[in-house]
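K.L.:
test case, fold it:
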Amino acid sequence: MSIKVEDSAFDVDSVLDKLGYDYQQKSKVKESEVLLLPDNIEASESYFDDKSISIKKEIEKKLRLEVLTKQGAKSHYQAQRAADIVLPLLVFFGYQAFDIGKGIIASWIYDKYIQLRYRNLVPNARFKFIIIDDKKKTRKELSFEGPADTASKILKDFKT
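P.N.:
This is a model prediction of the structure:
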C-alpha cells in the first residue's frame, strides 16, 4: 500500500466560480492554507460527511482552513454509518501547509481506527488531497484507499 501521487489540473478559480464566489470572497479564500471542499461541487447544495466537522476542528488548531460551500445554498452534514474513515477533499496551499496537515490527519485517522477497532470493526481509510505550490508551479494530487491502520503510518512517513 502506498499513496498514489499524480500531477493535477485542479483549478481553484474554476471551483470557486462553480460555487458562486465573487472576487472579494475569492481573495479571502486564497489567504487560507487549507480548503475543505463539499462532496460534489456541481450539486445545488453543499453536502459534507459528518467526519468533516471533526477533521476541520483538528486542522484549524494549526492551519488557516476555509470550508467551501455553494453560495446562497444550504449545507448538509450526512452521517456515514460505515466502518470506513473517509476524509473530505482537502486542498493545501504549499508543501509546508501539507507537511503540518499530514501529521494532524495521520493522528486523526489513527484515533478513528482505534475507536472502530475496539468495536471489533476493521476500517478502511480513503482520502484525496491536492497540493498547490505556486512558487514551484506544481499541482499534485495524493490519494489513498486501503486499511486504516496502515493509512496513518504511510501518511505520517510520506515525503513530499
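K.L.:
beyond the helix of greatest length in the chain, next helix or strand please.
P.N.:
Ranked by number of residues, the top helix in the chain under DSSP state H is helix 95-117. Counting by DSSP states H and E, the element after helix 95-117 in chain order, helix or strand, is strand 124-133.
K.L.:
residues contacting the following helix or strand past that next one, please?
P.N.:
Per DSSP H and E, the first helix or strand lying C-terminal to strand 124-133 is strand 138-147. Outside of strand 138-147, the residues within contact range by Cβ atoms under 8 Å, 6 or more residues apart in numbering are 1-10, 122-133, 151, 154-155, 158, 160. C-beta coordinates here come from the backbone N, C-alpha and C atoms, glycine included.
K.L.:
what stretches of this protein score poorly on pLDDT?
P.N.:
79-83 (pLDDT under 70).
K.L.:
if we go to 80?
P.N.:
The chain contains residues with pLDDT under 80 at 1, 50-51, 74, 76-83, 121-122, 160.
K.L.:
need the residue closest to the centroid of it.
P.N.:
residue 90 (2.5 Å; Cα atoms, centre = their mean).
K.L.:
neighbours of the nearest residue to it once chain neighbours are set aside, how many?
P.N.:
Spatial nearest neighbour of residue 90, chain neighbours left out: residue 129 (5.0 Å); criterion: Cβ to Cβ, 6 or more residues apart in numbering. By the criterion of other Cβ atoms under 10 Å, residue 129 has 23 neighbours.
K.L.:
hang on, residue 129 packs against residue 93?
P.N.:
No. Using Cβ atoms under 8 Å as the test, residue 129 is too far from residue 93 to be in contact (11.7 Å).
K.L.:
now the residue of the chain positioned farthest from its centre: how far from residue 150?
P.N.:
The C-alpha centroid of the chain is most remote from residue 120, which lies 26.7 Å away (Cα atoms, centre = their mean). Distance of residue 120 to residue 150, given as Cβ to Cβ, to the nearest Å: 19 Å.
K.L.:
with residue 45 instead?
P.N.:
In terms of Cβ to Cβ, residue 45 sits 35 Å off from residue 150.
K.L.:
okay, the two: which has more neighbours?
P.N.:
residue 150 (16 against 13).
K.L.:
contacting residues around that one?
P.N.:
Counting by Cβ under 8 Å, 6+ apart, residue 150 makes contact with residue 1.
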